[in-house]
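*Asks:* Have a look at this prediction, sequence included:
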Amino acid sequence: MAAGPMKMRATLGQGFTDVRVLMNHPMETGQRKDSDGKLVPTHFIQNLTVKVNGKLVVDAQISQAVSRNPVFSFRLKGGAKGDKIEVAWADNKGESNSTEIAVA
Amino acid sequence: MNRIRRALVAAIAVGLVKPLAALAAWNKEAFGAKTPAEALKNIGVPNAAASTDVHIEAPQIAENGAVVPIEISSNIPGTTALVVLIEKNPFPLTARFDFKEGALPFVKVNVKMGETSDVRVIAEAGGKHYSASREIKVTIGGCGG
């Protein structure tokens, strides 16, 4: 399944910026069987990065144990309206996607 | 024009650079480990001291193991990474988050749990490791379904 769109929201909190991001991804564990009883091969996001105004702030490695269509929340120190937040991922099949928004 | 160029550059970057970088950055040994001890050894956390400053917010009972919301954070000054292990999952290591200057050591994420298990979170600060763990009961597993 091809990578679907991502959704992201970044809002200013009390002294921090709250970033919530949703990715469309099957996150197959390799343990699930299809209707023919065959194992579905693993297909999951492995790397995830968060950048603020081009600067890397969160660098994550994740496993197949993250739920399907993952939703992550991160908190960034301070922040200001208009800061550009970019989130990118790459999976074990070499697919990747990214999205960018400005802090509201 | 600029837009098109940016899109092109982004497409090239995404298509070529990212997968290579990703392959290098994903710790295959640690994520492929079948026991928590082996996973921790491979991710560079040999031993961690129990700490009350590492927080795990999660339901006591998760009705659906396929989507278990957890919220992890650390109050230890200078926390640079959070590692999550679900001890009884087939591959216990679930995630490692590295925080650079500008990010707070806080993550909220949904995870899958095969069965009732301890969830362990380890914070790295100043080269030392601090851990907290919490049991989450699962009524329906989330790995096979």
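*Replies:* In hand now; what should we look at?
*Asks:* need the residues of chain A near chain B, please.
*Replies:* A:16, A:27, A:29, A:31-33, A:46-47, A:50, A:52, A:55-68, A:70-77, A:88, A:90-92, A:94, A:96-98 (C-beta under 8 Å from any C-beta of the partner chain). In this view, the C-beta of every residue, glycine as well, is placed from N, C-alpha and C.
*Asks:* What ranges does chain B have for its helices?
*Replies:* Using DSSP state H, the helices of chain B run over B:2-12, B:18-25, B:28-32, B:36-42.
*Asks:* Compare the mean pLDDT across these and name the weakest.
*Replies:* Ranked on mean pLDDT, the bottom entry among the helices of chain B is helix B:18-25, at a mean of 48.
*Asks:* Which strand runs longest in chain B?
*Replies:* Assignment by DSSP state E gives strand B:128-140 as the longest strand of chain B.
*Asks:* list the helices and strands that strand packs on?
*Replies:* strand B:49-50, strand B:54-57, strand B:61-64, strand B:68-74, strand B:117-125 (3 or more C-beta pairs under 8 Å, 6 or more residues apart in numbering or on different chains; DSSP states H and E).
*Asks:* Which one of the ones you listed lies nearest to chain A?
*Replies:* strand B:68-74 (7.6 Å; C-beta to the nearest C-beta).
*Asks:* residue boundaries of the strands in chain A?
*Replies:* Under DSSP E, chain A gives strands at A:6-12, A:16-23, A:45-52, A:55-62, A:71-77, A:84-91, A:96-102.
*Asks:* Quick check: neighbours of the longest strand of chain B in the sheet, parallel or antiparallel?
*Replies:* Within its sheet, strand B:128-140 is paired with strand B:49-50 (parallel), strand B:61-64 (parallel), strand B:117-125 (antiparallel), according to DSSP bridges.
*Asks:* Out of these, which one sits most buried?
*Replies:* strand B:117-125 (a mean of 22; mean count of other C-beta atoms under 10 Å in any protein chain shown).
*Asks:* Dump the C-alpha coordinates for that strand into PDB.
*Replies:* The C-alpha trace of strand B:117-125 is given here as PDB (Å, rounded to 0.1, in the frame of the first residue of the first chain):
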ATOM      1  CA  SER B 117       3.000  -6.800  29.800                       C
ATOM      2  CA  ASP B 118       5.200  -4.400  31.600                       C
ATOM      3  CA  VAL B 119       6.000  -1.300  29.500                       C
ATOM      4  CA  ARG B 120       9.400   0.100  30.400                       C
ATOM      5  CA  VAL B 121      10.700   3.600  29.500                       C
ATOM      6  CA  ILE B 122      14.300   4.500  29.800                       C
ATOM      7  CA  ALA B 123      15.500   8.100  29.800                       C
ATOM      8  CA  GLU B 124      19.100   8.900  28.900                       C
ATOM      9  CA  ALA B 125      20.600  12.000  30.500                       C
END
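*Asks:* From the rest of the structure, what touches it?
*Replies:* Strand B:117-125 is contacted by residues B:36, B:40, B:45, B:48, B:51, B:53-56, B:58, B:70, B:72, B:74, B:76-89, B:105, B:111, B:113, B:129-136, B:138 when judged by C-beta atoms under 8 Å, 6 or more residues apart in numbering or on different chains.
*Asks:* And that strand, how far out from the chain middle?
*Replies:* 9 Å (C-alpha atoms, centre = their mean, to the nearest Å).
*Asks:* for stretch B:26-33, same thing?
*Replies:* 12 Å.
*Asks:* about what we covered before: lowest average pLDDT across the strands paired with strand B:128-140?
*Replies:* strand B:61-64 (a mean of 90).
*Asks:* Any of the contacts of strand B:117-125 buried? List them.
*Replies:* Taking 16 or more other C-beta atoms under 10 Å in any protein chain shown as the criterion, what is buried in the contacts of strand B:117-125 is B:36, B:40, B:45, B:48, B:51, B:54-56, B:58, B:70, B:72, B:74, B:76, B:79-87, B:89, B:105, B:111, B:113, B:129-134, B:136, B:138.
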